[in-house]
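Novice: when you get a sec, could you give me coordinates for this:
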Amino acid sequence: MREKSGKYLEYWPAGLRGKAIRNKLILFLIFLLMAVSLANCRAQPAASPPAPPAFQVTYADVGQGDAIIVQAGIHNMLIDAGTNASTGTLLKDIKNLGINNFDVIVGTHPHEDHIGGMDAVISQFSVGTVYMPQVTSNTKTYEDVVQAIRQKGLSITALQPGTNFSLGSASCTVLAPNSSNYSDINNYSIVLRAVFGGTSFLFTGDAQVDSEKEMLARGYSLKSDVLKVGHHDSNTSTSPEFLRAVSPEYAVISVGKDNDYGHPHQVTLDKLNAARVKCSRTDLKGSITFTSDGANIKAMTEKQEN
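Specialist: From the prediction side, this is the model:
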């Protein structure tokens, strides 16, 4: 169609009245707008990482296993690392907390549901010290952890009961294992009590009644505000005497939904209920987090109980 002179063309400068030239100008304007938009995006300040908490303990939902992330300011500790199948979930949880390094990693004992993701954590994060009990396993999971430790130029350190170490402003005391020969590997579990200000947390791994009796006999200070219930709330742990000594306000049960072991066992739930302990289960509430300012503890759960 032939263009006509008049108002139709009066808006275009002389020499820009050809259709091809107009199209080029339109494309130029589009690219100019895109460049301005990109420049504005780049000018936005980057999101700041979350400020590290004074003291926070996250009991990660890793199904039928244990994984606990302890943060004391810029200092971090991982107690167990869930199963092999839950490794991706654990790594995501750690990164979401803004953690890049671990001062301490603790493998309470060499069962797959406690060290399954530990090789991946050691490989992907800066690690200071690795604590594990003096008991080994011939499983591939355990061998993978040992190999990851060696490749990082680290070594396994055994902890003696009664030993203390610091995590930032928090103080940690080793309470178990107290023997070198158990018939059940669960009793080799490293048990730790962490104290921050006037608040305290007890981490029991899969320690069973035999280990509990030893801790009681040695007269350790067991009183804690928050108890990680031993062995996924199995009837093999949490004896009445041990529960009275700990006298927790809160308890966390790390357990997988519809697991093959029937955990948590009702007899142990009944003991906790009778003691009026506020219980939270990872199979019902997802990851469970406690924060402490040294005087008060606040509990948060990932989801509401169904």
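Novice: how long is stretch 245-263 end to end?
Specialist: End-to-end distance for stretch 245-263, by CA to CA, to the nearest Å: 23 Å.
Novice: now do the same contact list for the residue lying closest to Val209 once chain neighbours are set aside.
Specialist: Excluding the flanking residues, the one nearest Val209 by CB to CB, 6 or more residues apart in numbering is Ser239, at 5.0 Å. Every C-beta, even on glycine, is put in place using the N, C-alpha and C of the backbone. By CB atoms under 8 Å, 6 or more residues apart in numbering, the contact set of Ser239 is 209, 212-213.
Novice: can you check Phe55 too?
Specialist: 70-73, 168-170, 196-197, 199, 291-294.
Novice: cool, and Val229?
Specialist: Neighbours of Val229 in contact, by CB under 8 Å, 6+ apart: 204, 237-238, 251-254, 264, 268, 272, 279.
Novice: against His109, how distant is it?
Specialist: 16 Å (CB to CB, to the nearest Å).
Novice: of the contacts of Phe55, which belong to strands?
Specialist: Here DSSP state E is the test, and the contacts of Phe55 give 70-72, 170, 196, 199, 291-292 as lying in strands.
Novice: let me see the domain layout of the chain.
Specialist: According to automatic domain parsing, the chain comprises the domains 7-43, 56-301.
Novice: worst average pLDDT in these?
Specialist: If you rank the domains of the chain by mean pLDDT, domain 7-43 sits at the bottom with a mean of 55.
Novice: next, give phi and psi for Asn76.
Specialist: Dihedral pair for Asn76: phi -130, psi 150, per degrees, to the nearest 10.
Novice: would you agree it is in contact with Phe102?
Specialist: Yes - Asn76 is within contact range of Phe102, at 5.0 Å (criterion: CB atoms under 8 Å).
Novice: residues near Arg244, how many?
Specialist: 12 (other CB atoms under 10 Å).
Novice: and if you look at His231?
Specialist: Neighbour tally, His231, other CB under 10 Å: 27.
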